[in-house]
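Asker: From the sequence below, what's the structure:
(one chain, ligands or ions: 2)
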Amino acid sequence: MTCERFHFSSARDKVDLLSHLIIDMDTIEVSNLNRQFLFRQSHVGLSKARVARDAVLRFRPQISITPYHANVKDSNFNVDFFKQFNVVLNGLDNLDARRHVNRLCLAADVPLVESGTTGFLGQVTVHIKGKTECYECQPKPAPKTYPVCTITSTPTKFVHCIVWAKDLLFAKLFGDKNQENDLNVRSSDASSSSNHVEDVFERRNDEDIEQYGRRVYDHVFGYNIEVALSNEETWKNRNRPKPIYSRDVLDNELTRQNGNMDKNCSTNCPSSVSAMAALGMKNPQDIWGLMENSRIFLEALKLFFSKREEEIGNLTFDKDDQLAVEFVTAAANIRAASFGIPLHSLFEAKGIAGNIVHAVATTNAVIAGLIVIEAIKVLQNDTKNYRMTYCVEHPARKMLLMPVEPFEPNKSCYVCSETPLLLEINTHRAKLRDFVDKIVKATLGMNLPLIMHGSALLYEVGDDLDEAMVANYAANLEKVLSELPSPVTGGTMLTVEDLQQEFSCNINIKHREEFDEEKEPDGMVLSGWAPPPTVEGANKTIDNAGSTSEALPVEAEKSEEIETAPGKKRKLIEVSKNDGTSNAEEIKKNEKLQVLDDDDDDDLVILDGGDLGFSPSKKKCQW
Ligand SMILES: Nc1ncnc2c1ncn2[C@@H]1O[C@H](COP(=O)(O)OP(=O)(O)OP(=O)(O)O)[C@@H](O)[C@H]1O
Ligand SMILES: [Zn+2]
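Answerer: Ligands and ions are numbered 1, 2, ... in the order given. Below is the predicted model:
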């Protein structure tokens, strides 16, 4: 993310660029070099923010740039911090951080220029509080989802095995133990003793890691498959999977050769821990057989427990975490082998697990240019010419870039308007923890939530809480809603706030007795701003990762509209009436160059879209 602070030279209405702040939490990877032009091979491993600063200063030494190698969600980047900016430019790759910045920009009343790319697709949008839509006014396309039962019981594609390995098995072994996990649910449904299932993933005191790994292996690839096979109904019209036990794949001698950790221990940096390196396997494009996958599985598990033990319980899958990718690849492949699905290389598995759409340097460059153009308009307060610009894969009317005039804020947006949401929930069964995890954090994207019922505080997080308060809120989390100290029942209105984001919204509670397990797996339905959940298919959002900058999936249509969100079509800005002049001629005729900087070397020049033959559309914003 880049934040830029500009100061105006009021007399000549030109921009004197004084100071920039760059925030990025990442370090440079080899895979960034083909498209992130400020970075070189020698920078691999260094902070993106710092190297970007140094690179820019080499050709523009007079400006001030402060780099932050940090997470934009850190508490020091609060509303006061954001208030210092004239404009914020986002180049993030995940929804979570984008929503967070959107809320801070709204709270600080700072314009936001948002951007994203995915392969050939890209977009730049402008968000001005009270004037244009905020980033969250339109629902974003839901991530691809798969029916729970396909993932847990009847996979038919490799991606199903990846989702299982990543979101169920990896999360179960290395993630937050309090998170609900269908690996448990489904297994315990079928098993005779649920205790047995609970225990199997816990490493026993002093248990040898190898033995533990084999126990997990045998449980998920052997025992669970046997249990699933016992349900004859399921397999009537399907190929029966094959249980796989570690003893059938690896003899004891072989596995003892696993885990030659010394090869691996040249550094203590967790990111360099690799099962492939430990086993001398080099090529990520190789497709490993069942035995190699099994060795990687056990080795990766062993390395997590021996080298990264302190992270266990807090890990979420990250496509840039080599050991996590190795574990997930191996687990997905073993499961694929069991279900007769073709195996894949680590390179392919990583792409699927990380939702990687390979970045296109040209798209990134075009979008970067558009960000600057919109930022300049914002700085000049050139409100009439703000554009949401979509870079499309199949150009219509020979136009690669589709400019759309910004819409007014969505009056029912729960983020930038005060419209309350409606939550249908079983208040006698759902716990406050369910509400916090599924609604407040996962759906509303809050980090530091505070929940109030009237003046009664039901839940709060923060560093300044005393022990009694922490204990009190922890106890509340385990209570069902109707038994909270200030009971939450049908008709209650809850206020949920995020103190860091300075964002608050009201939720009307409606008690509902029953939910459809498959269609409404969360056991609660939030509506109001958000579109009602689809009723077709028994879907649950499992796959939620995103790796690139995540452009909206925009397909240009032959006609006047493009789709910017599911079911949301937007009119393109009209090209001037067809009088026989070609677009190119029209553009040339009307081209207006504006020089915004009086340095000779690197003038900033914009093409003024307002004069490019575009006339205002009907849905224009009122300023
Ligand atoms: N919460 C956050 N705080 C700060 N920076 C963030 C945050 N979330 C994402 N980013 C940054 O957003 C940038 C997104 O850039 P990009 O989409 O090119 O991803 P990348 O990680 O560089 O490339 P790839 O995903 O292809 O490996 C990254 O540099 C990442 O560090
Ligand atoms: Zn909004």
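Asker: Tell me who's in contact with the residue in the stretch 201-350 of the chain positioned nearest to ligand 1.
Answerer: Taking Cβ to the nearest ligand atom, ligand 1 has its nearest neighbour within the stretch 201-350 of the chain at residue 320, 6.3 Å off. Bear in mind the C-beta positions are built from the backbone N, C-alpha and C, glycine included. Residue 320 sits next to 29, 354 when contact means Cβ atoms under 8 Å, 6 or more residues apart in numbering.
Asker: quick one: it is in a strand?
Answerer: No - Residue 320 sits outside any strand when classified using DSSP: H, G, I helix; E, B strand; the rest coil, being coil.
Asker: ok, now how distant is it from residue 33?
Answerer: The gap separating residue 320 from residue 33 is 15 Å, by Cβ to Cβ, to the nearest Å.
Asker: phi, psi of the residue of the stretch 201-350 of the chain closest to ligand 1?
Answerer: phi -90, psi 0 (degrees, to the nearest 10).
Asker: which SS class is the closest residue to residue 415 other than its chain neighbours?
Answerer: Distances taken as Cβ to Cβ, 6 or more residues apart in numbering put residue 136 closest to residue 415, at 4.3 Å, once the chain neighbours are dropped. Reducing the assignment at residue 136 to three states with three-state DSSP gives coil.
Asker: in terms of contact, does residue 136 touch residue 417 like I think?
Answerer: No - here residue 136 lies out of contact with residue 417, judged by Cβ atoms under 8 Å, at a distance of 10.6 Å.
Asker: For those two, indicate the residue with more neighbours.
Answerer: The neighbour comparison of residue 136 against residue 417 (other Cβ atoms under 10 Å) goes to residue 136, with 24 against 16.
Asker: give the contact list for that one.
Answerer: The neighbours of residue 136, taking Cβ under 8 Å, 6+ apart as the test, are 99, 102, 413-416.
Asker: Save these as JSON lines, and put in pLDDT too.
Answerer: Converted to JSON lines, these look like this (pLDDT from 0 to 100):
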{"residue": "99", "pLDDT": "92"}
{"residue": "102", "pLDDT": "95"}
{"residue": "413", "pLDDT": "90"}
{"residue": "414", "pLDDT": "88"}
{"residue": "415", "pLDDT": "91"}
{"residue": "416", "pLDDT": "92"}
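Asker: quick check, nearest of these to ligand 1?
Answerer: Ranked by distance to ligand 1 (Cβ to the nearest ligand atom), the contacts of residue 136 are led by residue 99 at 10.7 Å.
Asker: State the phi and psi torsions of that closest one.
Answerer: The phi/psi pair for residue 99 (degrees, to the nearest 10) is phi -60, psi -40.
Asker: which non-adjacent residue is nearest residue 477?
Answerer: Excluding its sequence neighbours, the residue lying closest to residue 477 (Cβ to Cβ, 6+ apart) is residue 433, at 4.2 Å.
Asker: other SSEs contacting the helix or strand containing the one you found?
Answerer: Residue 433 is located in helix 432-434, with elements delineated by DSSP states H and E. The contact analysis (3 or more Cβ pairs under 8 Å, 6 or more residues apart in numbering; DSSP states H and E) places helix 432-434 against helix 467-477.
Asker: Can you give me the buried ones in the helix it packs on?
Answerer: 472-473, 476-477 (16 or more other Cβ atoms under 10 Å).
Asker: what helices or strands is it leaning on?
Answerer: Judged by 3+ Cβ pairs under 8 Å, 6+ apart, the packing partners of helix 467-477 are helix 432-434, strand 456-460.
Asker: okay, the ones you listed in JSON lines with distance to ligand 1 and mean neighbour count next?
Answerer: JSON lines is the format used below for these (distance: least, Cβ to the nearest ligand atom, whole Å; neighbours: other Cβ atoms under 10 Å):
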{"stretch": "helix 432-434", "distance to ligand 1": "25", "mean neighbour count": "19"}
{"stretch": "strand 456-460", "distance to ligand 1": "23", "mean neighbour count": "19"}
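Asker: Run a quick neighbour tally on residue 361.
Answerer: Neighbour tally, residue 361, other Cβ under 10 Å: 12.
Asker: Spell out the secondary structure type for the closest residue to it other than its chain neighbours.
Answerer: Ranked by Cβ to Cβ, 6+ apart and with sequence neighbours excluded, the top spatial neighbour of residue 361 is residue 35, at 3.9 Å. On the three-state scheme (three-state DSSP), residue 35 is labelled coil.
Asker: quick one on the thing from earlier: list the contacts for the residue nearest to residue 477?
Answerer: Residues near residue 433 by Cβ under 8 Å, 6+ apart: 178, 477-478.
Asker: Turn the residues you listed into a markdown table, including pLDDT.
Answerer: Shown next, in a markdown table, are the contacts of residue 433 (pLDDT from 0 to 100):
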| residue | pLDDT |
| --- | --- |
| 178 | 75 |
| 477 | 95 |
| 478 | 95 |
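Asker: about what we covered before: distance of the residue nearest to residue 477 from residue 367?
Answerer: On the measure of Cβ to Cβ, residue 433 and residue 367 end up 40 Å apart.
Asker: Same question for residue 144.
Answerer: 23 Å.
Asker: Equivalent analysis for residue 380, please.
Answerer: Counting by Cβ to Cβ - residue 380 and residue 367 are separated by 20 Å.
Asker: With residue 496 instead?
Answerer: For residue 496, the distance to residue 367 - Cβ to Cβ - is 34 Å.
Asker: what about residue 285, how many residues close to it?
Answerer: Neighbour tally, residue 285, other Cβ under 10 Å: 8.
Asker: secondary structure element for the residue in the stretch 201-350 of the chain positioned nearest to ligand 2?
Answerer: In the stretch 201-350 of the chain, the residue that lies nearest ligand 2 is residue 316 (27.4 Å; Cβ to the ion). Residue 316 belongs to no helix or strand when assigned by DSSP H and E.
Asker: where in the chain is pLDDT low?
Answerer: 1-18, 142-143, 184-199, 252-271, 529-623 (pLDDT under 70).
Asker: who in it is up against ligand 1?
Answerer: By Cβ under 6 Å from any ligand atom, the residues of the chain that approach ligand 1 are 1, 23-26, 31-32, 48, 71-73, 91-94, 97, 359, 547-549.
Asker: so of the residues you listed, which ones are in helices?
Answerer: 48, 97 (DSSP state H).
Asker: for residue 110, what are its contacts?
Answerer: Counting by Cβ under 8 Å, 6+ apart, residue 110 makes contact with 82-83, 85-88.
Asker: Burial check on residue 312, number of neighbours?
Answerer: Neighbours of residue 312 using other Cβ under 10 Å come to 14.
Asker: can you pull the contacts of the residue of the chain found nearest ligand 1?
Answerer: Closest approach of the chain to ligand 1 (Cβ to the nearest ligand atom) occurs at residue 26, with a separation of 3.0 Å. Counting by Cβ under 8 Å, 6+ apart, residue 26 touches 47-48.
Asker: From residue 97, how far out is it?
Answerer: Distance from residue 26 to residue 97, by Cβ to Cβ: 12 Å.
Asker: So residue 224 lies in a helix, does it not?
Answerer: Yes - Residue 224 forms part of a helix when assessed by three-state DSSP.
Asker: Make 59 the first number, not 1, from now on.
Answerer: Okay, using 59 as the starting number, the last item reads as residue 282.
Asker: Please enumerate the strands of the stretch 59-208 of the chain.
Answerer: Assigned by DSSP state E, counting those that start in this stretch, the stretch 59-208 of the chain shows strands spanning 60-67, 72-81, 122-126, 145-147, 170-176, 179-185, 204-205.
Asker: Give me the neighbour count for residue 430.
Answerer: 15.
Asker: Alright, that wraps it up for me.
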